[in-house]
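>>> here is a sequence together with a model predicted from it:
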Amino acid sequence: MRFILFIMGLISLNLGAQPKAVLDQTAYQFWVNEPSTVEEKNPLVIFLHGRSLSGTNIERVKRYGPLRGIEKGLKLPAYLVAPQLPSGPWNPDKVDEVVQYMIEHYAIDESRIYVTGMSLGGYGTMKYASKYANRLAAAIAICGGGEARDACNLTSLPIKLIHGDKDFIVPLKESKNILTAIQACNVKAPIELEVVKGGNHGSVEDLYRHITLYNWLFQHTKKE
């Protein structure tokens, strides 16, 4: 009997750790995964996927990125939100609807909100950060890029760009171009570029499965 109760307890814990789909509450449907360690107020990480995961089947969003990392055993001490883009480019106002929903319904530390994205989501990350820099503590964009017209809005936020030098889908020059544009606005802007030697458009996704990527975000707290 005790053994059965023990197994049921493990199953219950496992189910409790599963991502939850939040549907029809904001413009984007999204997943929420709760922190591995709960605090009175918790950090929030927003993940924006690439074009291949767009659509109306939210299960697709689990195919790569942080949700895939969590499935493989990654433990994040933060709420993770992963919206799904139906089509087209990411809309920063609709992303912010999701962020606002999280603030209203969960114990979010508003000084520790982060955004990261890959490919089209990398562009979305930069677009969201340019319009809502005041929301964020830091951002990471992987194998993406940005628009030069947004560059001067991105000079105060800690940003890390990551790009493989063998990426033939979104070339490395896309990250280099937005880096140059931001530094042209402010040479001391807290932005850096990490080039992954031999990395292609898909292989750099592995970074989302390791806590090191998130620890870079977590070291930053939004300045008052």
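Here it is on my side, so go on.
>>> can you list the low-confidence ranges for the protein?
Where the chain drops to pLDDT under 70, the residues are 1-17.
>>> surely Thr155 is within a helix?
No - using DSSP: H, G, I helix; E, B strand; the rest coil, the assignment for Thr155 is coil, not a helix.
>>> was I right about it contacting Ala189?
Yes - with contact defined as CB atoms under 8 Å, Thr155 reaches Ala189; the gap is 4.1 Å. C-betas here are computed from N, CA, C, even on glycine.
>>> quick check: buried residues in the longest strand along the chain?
Scanning the chain for the strand with the most residues, using DSSP state E, yields strand 108-118. Residues of strand 108-118 classed as buried: 108-109, 112-118 (neighbour count, 16 or more other CB atoms under 10 Å).
>>> and the two most separated of those?
Distance extremes for those: the farthest pair is Asp109 and Met118 at 24.5 Å, using CB to CB.
>>> how near is Glu205 to Glu40?
Here Glu205 is placed at a distance of 33 Å from Glu40 (CB to CB, to the nearest Å).
>>> out of those two, which sits in the busier spot?
Relative neighbour count places Glu205 above the other of Glu205 and Glu40, with 20 against 6, counting by other CB atoms under 10 Å.
>>> so that one makes contact with Met118?
Yes - applying CB under 8 Å, one finds Glu205 in contact with Met118, separated by 6.4 Å.
>>> from what I can see Ile159 touches Ile142, true?
No - Ile159 sits out of contact with Ile142 when judged by CB under 8 Å, with a separation of 11.7 Å.
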